[in-house]
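A.B. asks: coordinates only, sequence not included:
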Ligand SMILES: [Fe+2]
C-alpha cells in the first residue's frame, strides 16, 4: 500500500482496524486517499489522528467514499451544510445543537433504510477525558468462528428492521414525512461484503422487529443472542477518542456503539457524515 512520506500505519486489533498518523486528509493526494479507501476495505475501521477539518473539508473527504447520505433528523445538521450531522450534548441559547444520545446500543448505521450505510465518518472536535469510547465489533471474524452447522442455520435468514421501531425505542417523535419515506425494510442476517464477498454475521436488535419466518419472542431472542455473540471481547476494538480523530468504519462488516460519559461534567462534540453507496472507483 502506498502512503505519503511521514505517514505511518499501525494495526489496532490483529487484522481488524488500523490507525493512520502523519496524514492531513484535507490536503491529501488522490493516491493517499485511495490508500485510506483500501485500508477501510481490508480492515473495517480506520482511525486517522490529528486532523483539522472544516465541515466543508469533511464533506469533500466523504465524497471520495461516495455521495453523502441524507440525515433523517435534519434538526441536528449544520445550518447550510445538511450533509454534516452534529452529535453533541451542548446547548446554545437554550436549544440542543446536536443529538446527545446517538447510538449507545449495538447497531450498524441506517439499518432502517432500504440501502443501509456503507461508510460512516466521525470527526471529533471535543471529547471527554473519560468515557465515551466507541466500540467496534468485527463481524467477519465472528462469522469465521462459527461452527459449520450454525452457519447453515443462519446463512439464509432475513431480519425485519424499522425506523419507526427505532425512534419509538428512543422516545423520539416521528414526522409524517419520516413515516412515509422510511417504510420497514428487510436485510440479510449474513451480509456478503460488496467488494470481496467475505461474509459478515450482522445481527441488530435495536430497531428490529424480528426474523422472517420466526415468531417472537423467538426471532428477537435470536437477534439478541447473536448480538451478544458477535460483541464478545475477542471480536471488539474499543476506541478511546482524542480531539482531532477522524474515524471511518464500514457498516457492511462491523457493529458499533458508544459508551456513556458524564454529561453534566464534560462535552462531546462530533461531526458525522455517512455514505450509502460507494462510487465506482472504490473497488478499482
Ligand atoms: Fe451509529
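C.D. replies: Looks like it came in fine. The shown structure was predicted, so the numbers you read here are calculated from the model rather than taken from an experiment. Residues are numbered from 1 along each chain as shown.

A.B. asks: How about the residues of the chain by the ion?
C.D. replies: Within the chain, the positions adjacent to the ion are 103, 109 by C-beta under 5 Å from the ion. In short, each C-beta sits where N, CA and C put it, glycine included.

A.B. asks: Just give the nearest non-adjacent residue to the residue of the chain found nearest the ion, would you?
C.D. replies: When scored by C-beta to the ion, the chain has residue 103 as its residue closest to the ion, at 3.6 Å. Nearest-residue entry for residue 103: residue 258, 5.3 Å, with adjacent residues in sequence omitted and distances by C-beta to C-beta, 6 or more residues apart in numbering.

A.B. asks: show me what contacts that neighbour?
C.D. replies: 102, 103, 104, 132, 133, 134, 135 (C-beta atoms under 8 Å, 6 or more residues apart in numbering).

A.B. asks: and the fourth one, that's in a helix?
C.D. replies: No. Applying DSSP: H, G, I helix; E, B strand; the rest coil, one finds residue 132 to be coil, outside a helix.

A.B. asks: Spatially nearest residue to it (excluding sequence neighbours)?
C.D. replies: Of all residues not flanking residue 132 in the chain, residue 261 sits nearest, at 4.0 Å (C-beta to C-beta, 6+ apart).

A.B. asks: my guess is the one you found contacts residue 268, does it?
C.D. replies: Yes. Using C-beta atoms under 8 Å, residue 261 makes contact with residue 268 at a distance of 6.4 Å.

A.B. asks: Give me the common contacts of those two.
C.D. replies: Common neighbours of residue 261 and residue 268 (C-beta under 8 Å, 6+ apart) are 128, 132.

A.B. asks: re earlier: can I get the contacts of residue 258 in CSV including neighbour count, pLDDT and distance to residue 220?
C.D. replies: As requested, the contacts of residue 258 are exported to CSV (neighbours: other C-beta atoms under 10 Å; pLDDT from 0 to 100; distance: C-beta to C-beta, whole Å):
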residue, neighbour count, pLDDT, distance to residue 220
102, 20, 68, 23
103, 16, 78, 20
104, 12, 83, 19
132, 21, 95, 28
133, 18, 97, 27
134, 22, 97, 25
135, 17, 98, 22
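
A.B. asks: Good, wrapping up.
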